[in-house]
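Visitor: Pasting the sequence and the predicted model now:
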Amino acid sequence: LEQNLTFIPDHFEIAFPSAPAMENNNTRFTYLSNDLNMSAWLKNLSVRITAKGENNGTMTNYQIPRTQYFANAVDITPTLALPGGAHTSTLPQAISEANLSFSAGTAQLDYADVRFNYDRNRSNPVDPFTVSGNDTNLTVAVKDHTDTSVEGNETTRFDGSATFYYGRVRTEDLKTQQKQIKGKVLFEVYSTSPIAGFTQQSSSWYQNAYDDISTLQSGDFEPRAKRSRSSDDLSALAALSNLSGPSAGKTVFDIDYSGSGERRIIWHLDTPSWLWTSRFRDYSFDASSGCGEHPCFETLFQSQISPSGIRSGSFSGSRFEADMNSSIKKRAIKVLR
């Protein structure tokens, strides 16, 4: 005579094998973004569930062999609470009638890491703010699906914190009579008060000394004849070289010009949407987009003219009719719109 037995525990004990953690995107900061490709993280979301008897001993016979005779299915309800209206990737989901792989009275459930961030308005910069893991909690409730009086739950807070910056890209217009000129892109953050260790570049904007993640490739710089991407492609005349960075919020590069005569080039820069600011238009790098929808900067390569002063070198304290040996850089607080 065969008899199928089910061992019913008195309750479930819920524990977190590793302390759940809140982390920044690059350990020290996260840019505000509506796109969760830039996000802070909630990690270590593993839960250990143990079937306990009346005297709080582990019920080692509560397990699921291939025949699944000894343990009932369970209902699992996780609740993750973040402060301040965060938007997230997929949260831990409730499961009904879950057949967990209990072994010797214990099972483990591993939830995927959760990305989170907060709303970013392209035309309304905000001061940096920090979210504490102590203000975030994860609750997991487990209940025997058949005998609902058998249950357990546990709530834990998160270690760590995440600091959010409102960021932007800053470019500069360049003018030279040489065949090569050095340029740079700055990654800045908004703050109405000083940020320790950050260099202020303009009113309320600081170079992000922590940014070593906003990597730009040569292909992100597109030379065009006009402010629209649909204008003539000038890549046969001008190209980037020696691209390096970011380091402490700055990327540097050389622009090499192989054309002749005077030439004005508009460089269209493809950057992440979380680094775009504009009062008028959302970010776009579509084929028909223009400098009102993504960062741009201008390079003006002028014809070489023999000046009346010294032709080469770097000098101080002298005046010339024209200084044709130095590049002129015109910095604008805002990128071309």
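Guide: Looks like it came in fine.

Visitor: Would you agree Ile64 is in contact with Gly105?
Guide: No - Ile64 is beyond contact range of Gly105, at 10.9 Å (criterion: C-beta atoms under 8 Å). Just so you know, the C-beta spots here come from the backbone N, C-alpha and C atoms, and that holds for glycine as well.

Visitor: who's more crowded, the two?
Guide: Set side by side, Ile64 and Gly105 show unequal neighbour counts under other C-beta atoms under 10 Å, the larger going to Gly105 at 23 against 17.

Visitor: Next up, the contacts around that one.
Guide: Neighbouring residues of Gly105 by C-beta atoms under 8 Å, 6 or more residues apart in numbering: 9, 50-52, 58-63.

Visitor: Those residues in strands, which ones?
Guide: Members of the contacts of Gly105 lying in strands (criterion: DSSP state E): 50-52.

Visitor: Output the below-cut-off pLDDT ranges for the stretch 151-300 of the chain.
Guide: Counting by pLDDT under 70, the stretch 151-300 of the chain contains no low-confidence segment.

Visitor: Identify each of the helices in it and give its residue range.
Guide: Counting by DSSP state H, counting those that start in this stretch, the stretch 151-300 of the chain has no helices to list.

Visitor: ranges for the strands of it?
Guide: 151-157, 159-165, 167-170, 172-176, 180-190, 199-202, 205-207, 221-224, 238-247, 250-257, 263-269, 296-301 (DSSP state E, counting those that start in this stretch).

Visitor: Out of those, the one nearest Thr136 is which?
Guide: Closest approach to Thr136 among those is made by strand 151-157 (6.6 Å; C-beta to C-beta).

Visitor: Could you tell me which residues within that closest one count as buried?
Guide: For strand 151-157, a neighbour-count test (16 or more other C-beta atoms under 10 Å) marks 151-152, 154, 156 as buried.

Visitor: circling back to that earlier point, mean neighbour count, the strands of the stretch 151-300 of the chain: which tops it?
Guide: Comparing the strands of the stretch 151-300 of the chain by mean neighbour count (mean count of other C-beta atoms under 10 Å), strand 167-170 comes out on top with a mean of 24.

Visitor: Could you tell me which other helices and strands it packs against?
Guide: strand 180-190 (3 or more C-beta pairs under 8 Å, 6 or more residues apart in numbering; DSSP states H and E).

Visitor: Could you spell out the sheet neighbours of the strand it packs on, each with its direction?
Guide: Sheet pairing of strand 180-190 (DSSP bridges) gives strand 167-170 (antiparallel), strand 205-207 (antiparallel), strand 250-257 (antiparallel).

Visitor: Let's check: the centremost residue of the protein is which one?
Guide: When the chain is reduced to its mean C-alpha position, the nearest residue by C-alpha atoms, centre = their mean turns out to be Met38, at 2.3 Å.

Visitor: need the strands paired with strand 180-190 in a markdown table with distance to Tyr283, can you?
Guide: Converted to a markdown table, those look like this (distance: least, C-beta to C-beta, whole Å):
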| stretch | distance to Tyr283 |
| --- | --- |
| strand 167-170 | 11 |
| strand 205-207 | 18 |
| strand 250-257 | 18 |
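
Visitor: quick one: which of those is nearest Gln304?
Guide: Ranking the strands paired with strand 180-190 by proximity to Gln304 (C-beta to C-beta) places strand 250-257 first, at 11.4 Å.

Visitor: Okay, angle between that closest one and strand 296-301 too, please.
Guide: 40 degrees (axes from the mean of the first three to the mean of the last three C-alpha atoms, to 10 degrees).

Visitor: Now tell me what touches strand 250-257 from outside.
Guide: 174, 179-187, 207, 214, 216, 221, 237-245, 263, 299, 301.

Visitor: what's the farthest-apart pair in the contacts of Gly105?
Guide: Lys52 and Gln63 (14.0 Å).

Visitor: Any idea how many residues pack against Thr30?
Guide: 26.

Visitor: Just list the residues touching the residue nearest to it when sequence neighbours are not counted, thanks.
Guide: Leaving aside its chain neighbours, Thr30 sits nearest to Ala40 (4.4 Å; criterion: C-beta to C-beta, 6 or more residues apart in numbering). Taking C-beta under 8 Å, 6+ apart as the criterion, Ala40 is in contact with 22-25, 30, 115-117, 131, 162, 164.

Visitor: so what's Ala40 bridging to?
Guide: Beta-bridge partners recorded for Ala40 (DSSP bridges): Phe116.

Visitor: ditto for the one 10 residues further on
Guide: According to DSSP bridges, Glu13, Thr106 are recorded as the beta-bridge partners of Thr50.

Visitor: And the pLDDT at Gly317?
Guide: For Gly317, the model assigns a pLDDT of 30.

Visitor: Please apply the same query to the one 10 residues further on.
Guide: Ser327 is assigned a predicted lDDT (pLDDT) of 41.

Visitor: neighbours around His145, how many?
Guide: That count, for His145 with other C-beta under 10 Å as the rule, works out to 15.

Visitor: Could you check how far the residue nearest to it when sequence neighbours are not counted is from Ser230?
Guide: Among residues not flanking His145 along the chain, Ala73 sits closest, at 4.4 Å (C-beta to C-beta, 6+ apart). Here Ala73 is placed at a distance of 60 Å from Ser230 (C-beta to C-beta, to the nearest Å).
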